[in-house]
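Chemist: this is a predicted model, with the sequence first.
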Amino acid sequence: MEILDLIKNTRSYRIFDETFKVSKSDLNDMVNCARLGSSGRNQQSLKYITVHDNKIGTQVFSMLKWAGYLKNWNRPSVGERPTGYIIVLNDKKISENHFCDDGIALQNMMLCATSKGLGSCIIASVNKKALSELLELSDDFQILYVLAIGKPAEEIVLEEMTENNHKYWRDEQDIHHVPKRSLDEVIIAEY
């Protein structure tokens, strides 16, 4: 797959085929892609916990909030949930400041997932206290995000943004629409 197509197909999926189980090997490949990415000052302070166990995965799922812009959307439902998770942590023993490493790592993992025919979603709305307790994390580890991973079971459409409305939405057929600013809008000068 060409890089532009890979990027276009790397979307935030929220509906998955729960009968497909994400493998430990796939999760490790994604973390490896994160590990090999750039790092501010080459500190490499990010650490990861992979979850492919159903019981732990169910507990992790219960600590996440999905799709903030979709009011009254109580999904993913049973049968639509991700079957793999990667918890992204900052190891404060290495550095309190992780710079922009989290964004680089998350995008690399998402691109890796897409290349494997998987989908993913970065979740920032996490009950971090409860998740830290579940995973028995020391205070040295700060939970940054949870990357939810599974076999995508929804259609996502990119479209031109109109009237500066950036909010994603779902239509009557449950197709997920994602407005994107035009290239002309985001390039503010050329010399």
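Modeler: Okay, I see it.

Chemist: alpha carbons only for contacts and neighbour counts from here, please
Modeler: Noted.

Chemist: how about the most centrally placed residue in the chain: what's its closest non-neighbour residue?
Modeler: Nearest to the geometric centre of the chain sits Ile122, at 2.3 Å (C-alpha atoms, centre = their mean). Leaving out its chain neighbours, the residue that sits closest to Ile122 by C-alpha to C-alpha, 6 or more residues apart in numbering is Leu147, at 4.6 Å.

Chemist: in which helix or strand does the one you found reside?
Modeler: If you go by DSSP states H and E, Leu147 is part of strand 141-150.

Chemist: same question, Cys121
Modeler: strand 119-123.

Chemist: following that strand, which helix or strand comes up?
Modeler: Strand 119-123 is succeeded, C-terminally, by helix 128-134 (DSSP H and E).

Chemist: what's the lowest-mean-pLDDT helix or strand in the chain packed up against?
Modeler: Across the helices and strands of the chain, mean pLDDT, DSSP states H and E gives its lowest value to strand 169-170, namely a mean of 92. Using 3 or more C-alpha pairs under 8 Å, 6 or more residues apart in numbering; DSSP states H and E, the elements in contact with strand 169-170 are strand 176-180.

Chemist: what strands line up against the strand it packs on, and which way round?
Modeler: Strand pairing for strand 176-180, using DSSP bridges, gives strand 156-160 (parallel), strand 169-170 (antiparallel).

Chemist: these into JSON lines, with extra columns for mean neighbour count?
Modeler: As requested, those are arranged in JSON lines below (neighbours: other C-alpha atoms under 10 Å):
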{"stretch": "strand 156-160", "mean neighbour count": "15"}
{"stretch": "strand 169-170", "mean neighbour count": "14"}
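
Chemist: can you flag the weakest of those by average pLDDT?
Modeler: Lowest mean pLDDT within these: strand 169-170, at a mean of 92.

Chemist: distance from the chain centre to that strand, please.
Modeler: Distance, stretch centre to chain centre, for strand 169-170: 19 Å (C-alpha atoms, centre = their mean, to the nearest Å).

Chemist: when you give positions from now on, start the count at 845
Modeler: Got it, the first residue is 845 from now on, which makes the last one we talked about strand 1013-1014.

Chemist: the strands paired with strand 1020-1024 into TSV, with extra columns for distance to Gly884?
Modeler: Output for the strands paired with strand 1020-1024, formatted as TSV (distance: least, C-alpha to C-alpha, whole Å):
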stretch	distance to Gly884
strand 1000-1004	31
strand 1013-1014	35
